[in-house]
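Peer 1: The following comprises the amino acid sequence and a computationally predicted model.
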Amino acid sequence: MVALTSAAGLLALLDDDGVELKHYALQQLNPVVDSFWAEISDQVEKLEILSEDETFPFRKLASLVAAKVYYNLGELDQSLSFALGAAEELDINSTSQFVTIVIEQAIDLYTRNQQQGVASDARLVAIVDRMFTRCLDSNAYHEVLGLALETQRLDILEKVIRGAKEPHKLLKHTINIVMTLVSSPPFRAAVFDVVVRLLQQLGDPDASSLCQCAVLLNRVDIVLDVILQLLQADKYALALQLAFDICDGAPQAFVLELQGQLATAEAAQGDHADALQRLSAVLGGEVSLAMNLEFLSRNNHADIGLLTATKDANPRNPVCHSATVLSNAIMHAGTTSDAFLRAQRDWLGKATHWAKFSAVAGLGVIHQGHVAQARTVLAPYLPKDSGAGSPYEKGGSLFALGLIFANHGKAEVAYLQGQLRSGTAAGDSHNGQVVQHGAALGLGLAAMGTQNNDVYEQLKNVLYTDSAVAGEASGIAMGLTLLGSGSDAALTDMLQYARDTQHEKIIRGLGLGMALVCLGTQSGADALIEKLLGDHDALLRVAGCHVLAMAYASTSQNAVIRKLLHLAVSDVSDEVRRAAVAALGFILSRTPEQVPGVVSLLCESFNPHVRYGACLALGIACAGTGLKDAVALIEPMTQDSSAIVRQGALVALALTMMQQHNHHPKVDSTRRLFQK
């Protein structure tokens, strides 16, 4: 057969009145478009006319040929438009570059439409459905699952899970994907609704996965049903494990509500009343806190000699004093060991003002979780009816009380509210503000995640007194109370007051508070982020970086990383640049191995604030990993010409190397560096 050297003859046949001749011409043109597209493109309008002629029986073939012509011309949108008209003439099983690109374009367009709530062309939906069918027929379940989530097709998601040979594994995989990649809160909730329904319908459902989804959906009733079913099936050990998991991972508001429902069920379930009572105690944290305390106390190997050497290095320097106190608190966190503080009582007695506040608050870190003896330990410092005592001791002790009861503070919320009211009653005096500062922070920690409206309103009233000291703590405490709730009303109040006040401390406190409210909300916080990052006030742009870090924490989303990198090199404020770079550590905390590559160039920036932020990003994301690439970037910055960069590098190095075994090649050199 003679090879075709020109498409002119075939194109001429398209002008013939005979349908069969046109059909023949299209059949011959279709396989040779890639060779003669330049010649065909001069008469592409003939193909367009045929593709739009509803009386022409082979219009779909004409659309396919036109799509290939436009593809070769680089007009991908036009190519997709005609490919949609080709319908079944487009062979989606083909591995040609044309088909691959067209399918990608179709899926991208359909995904955008789905995410924006725009109705898609029926022909576009048909192509996407054909792709789903092809993948299902080839048992490519993971590919279908990813595509279904990307295009927000819950019907396909349910279909693929029901058709899988191992649905339990696929459901677990779905939960992991949704937790890390789905940024829309409404769609995430819709997916978890489907997952919960499928788990309940499967024989012998995975109780752990079911409860995980229920916590994310805030469905206490589902968890209660699971626990009762496990008890009925004599699976008390599994119910106990679920209770421990919920205690560790669920918001305090969820745990408190579940405890209340267990108490009701306890009265109705006579046979399992004792088991329900024990489960309620586990949920309350009594068991896990006691076990943590016992473990940390027994395995406490902190070197007090290091603390003594640090203290003696510069005993009269207030910065060194505060650093030593904080180091002691962190080294003995949760161990209940305050031997160093007792041995250095005279030295600690010289502390004044906020140094005294920090020293007393450090007891809360040391005794964290020691709820049974909290009041006894702090009794010398807590506010007394007589009013005697330093306001810094009182404020520090209230903060310490919150630290001890953090996330388990139901029993202390009322007491801390009373102390906050007492501080408010003291008027605008500085002493009263210091007590309010400690009480607000303690109250926020004790009521963390409870979404207690009474606590929130009380903190807001303190904020509205416009006291810089008390207002800063109130802003943070409001965020702690509404942790992860994404409350629009609260965020509106906090943003408005941050714009109205003249106090820098209050703006900073509210910035952190808004970030805490937006924890894990992802795209739900986008509107607030845009407002903050577009504000003329640099402090609010810093708050925008904090909100971005918390909303998208551990997601590793490329769009968020690009936005932060753009801020790091373009904002006029050094503080905003520093906050943007540091936020990368939170975003990439799930994938610490990526951080050195992302911030390596920033570590060489001419701006010391950017270098400092890079140190923090490495320390936050790589904490406890001992990652060699991270250490290699941090070590040179410990000799930086800027003091602030050296400080950040030392903090980051300590975070990265903590809990590393002596076999790590950098352990000895790191210790020598800190002992200088």
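Peer 2: Arrived safely, thanks for sending. These numbers come from a predicted model, not from an experiment.

Peer 1: you'd agree residue 227 is up against residue 240?
Peer 2: No. Using CB atoms under 8 Å, residue 227 is not in contact with residue 240; the gap is 9.7 Å. For the C-beta atoms, the positions are set from N, CA and C on the backbone; glycine is no exception.

Peer 1: Need the overlap of contacts for these two.
Peer 2: residue 279 (CB atoms under 8 Å, 6 or more residues apart in numbering).

Peer 1: which residues in the stretch 1-150 of the chain form helices?
Peer 2: Here the stretch 1-150 of the chain has its helices, by DSSP state H, counting those that start in this stretch, at 8-13, 19-29, 33-41, 44-52, 59-73, 76-86, 97-116, 122-137, 141-150.

Peer 1: roughly how far apart are residue 393 and residue 442?
Peer 2: Using CB to CB, to the nearest Å, residue 393 is found at 14 Å from residue 442.

Peer 1: Neighbour count: these two, which is higher?
Peer 2: residue 442 (33 against 23; other CB atoms under 10 Å).

Peer 1: Now that one. Nearest residue, chain neighbours left out?
Peer 2: The shortest distance from residue 442 to any non-neighbouring residue, by CB to CB, 6 or more residues apart in numbering, is to residue 402 (2.9 Å).

Peer 1: burial of that neighbour, as a residue count?
Peer 2: There are 28 residues near residue 402, going by other CB under 10 Å.

Peer 1: can you pull out the helices in the stretch 351-500 of the chain?
Peer 2: 353-366, 374-378, 391-404, 410-425, 430-446, 453-463, 468-481, 488-500.

Peer 1: so how far is the fourth one from its chain's centroid?
Peer 2: On the basis of CA atoms, centre = their mean, to the nearest Å, the separation between the geometric centre of helix 410-425 and that of its chain is 31 Å.

Peer 1: any low-confidence regions in this structure?
Peer 2: Scanning the chain for pLDDT under 70 picks out 1-4, 266-271, 386-388, 424-428, 676.

Peer 1: circling back to that earlier point, which of residue 227 and residue 240 has more residues huddled nearby?
Peer 2: A direct count of neighbours by other CB under 10 Å for residue 227 and residue 240 places residue 227 higher, at 29 against 17.

Peer 1: contacting residues for the more buried one?
Peer 2: 239, 242-243, 262, 276, 279.

Peer 1: about what we covered before: closest one to residue 113 among the helices of the stretch 351-500 of the chain?
Peer 2: helix 488-500 (26.3 Å; CB to CB).

Peer 1: Who are the contact partners of the closest residue to residue 76 other than its chain neighbours?
Peer 2: Here the nearest residue to residue 76 in space, its sequence neighbours aside, is residue 105; by CB to CB, 6+ apart that works out to 5.7 Å. Going by CB under 8 Å, 6+ apart, residue 105 touches 76-77, 79-80.

Peer 1: So which of the contacts of residue 227 wins on neighbours?
Peer 2: Busiest of the contacts of residue 227 [other CB under 10 Å] is residue 279, holding 27 neighbours.

Peer 1: in which helix or strand would I find it?
Peer 2: Using DSSP states H and E, residue 279 maps to helix 273-283.

Peer 1: tell me how far that helix is from the chain's mean position?
Peer 2: With CA atoms, centre = their mean as the basis, helix 273-283 stands 31 Å off its chain's centre.

Peer 1: Tell me which residues are up against it.
Peer 2: 227, 231, 236, 239-240, 243-244, 246-247, 255, 258-259, 262-263, 265-267, 269, 287-288.

Peer 1: Those in strands, which ones?
Peer 2: Using DSSP state E, no member of the contacts of helix 273-283 falls within strands.

Peer 1: Kindly supply the ChimeraX command isolating those of these that are buried.
Peer 2: Paste this into ChimeraX to select the buried members of the contacts of helix 273-283, with burial taken from 16 or more other CB atoms under 10 Å:
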select :227,231,239,240,243,244,246,247,255,258,259,262,265,266,287,288
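
Peer 1: Tabulate the CA atom coordinates of the helix holding residue 279 in PDB.
Peer 2: The C-alpha coordinates for helix 273-283 follow below in PDB (Å, rounded to 0.1, in the frame of the first residue of the first chain):
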ATOM      1  CA  ALA A 273     -22.200  -1.200  85.700                       C
ATOM      2  CA  ASP A 274     -18.800  -1.900  87.200                       C
ATOM      3  CA  ALA A 275     -17.200  -2.100  83.800                       C
ATOM      4  CA  LEU A 276     -18.800   1.200  82.700                       C
ATOM      5  CA  GLN A 277     -17.600   2.900  85.900                       C
ATOM      6  CA  ARG A 278     -14.000   1.800  85.200                       C
ATOM      7  CA  LEU A 279     -14.300   2.900  81.600                       C
ATOM      8  CA  SER A 280     -15.500   6.300  82.800                       C
ATOM      9  CA  ALA A 281     -12.500   6.600  85.100                       C
ATOM     10  CA  VAL A 282     -10.200   5.800  82.200                       C
ATOM     11  CA  LEU A 283     -11.800   8.400  80.000                       C
END
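
Peer 1: quick revisit: out of the contacts of residue 105, give me the two with the largest separation.
Peer 2: 77 and 79 (7.2 Å).

Peer 1: what about those two, which has more around it?
Peer 2: A count of neighbours by other CB under 10 Å puts residue 79 above the other of residue 77 and residue 79, at 22 against 9.

Peer 1: is it true that that one touches residue 64?
Peer 2: No. Look at residue 79 against residue 64 with CB under 8 Å: they stay out of range, at 10.4 Å.

Peer 1: How about the residue sitting nearest the centre point of the chain, nearest residue that isn't a chain neighbour?
Peer 2: Residue closest to the average C-alpha location in the chain (CA atoms, centre = their mean): residue 553, at 2.8 Å. In space, residue 553 comes closest to residue 586 once its chain neighbours are excluded; the distance is 4.7 Å by CB to CB, 6+ apart.

Peer 1: cool, residue 539 as well?
Peer 2: Looking at residue 539 with CB to CB, 6+ apart, the closest residue is residue 507, at 4.6 Å.

Peer 1: In contact with that neighbour, which residues?
Peer 2: 498, 501, 537, 539-540, 543.

Peer 1: Tell me the helix or strand right after the strand or helix carrying it.
Peer 2: Assigned by DSSP H and E, residue 507 falls within helix 504-517. Reading on from helix 504-517 to the C-terminus, the next helix or strand found by DSSP H and E is helix 526-533.

Peer 1: who's in contact with the next helix or strand after that following helix?
Peer 2: Using DSSP H and E, the helix or strand that follows helix 526-533 in sequence is helix 538-551. Residues outside helix 538-551 that contact it (CB under 8 Å, 6+ apart) are 498-499, 504, 507-508, 510-512, 514-516, 518-522, 524-525, 528-529, 531-533, 535, 560, 563-564, 567, 571-573, 575-576, 579-580, 582-583, 585-587.
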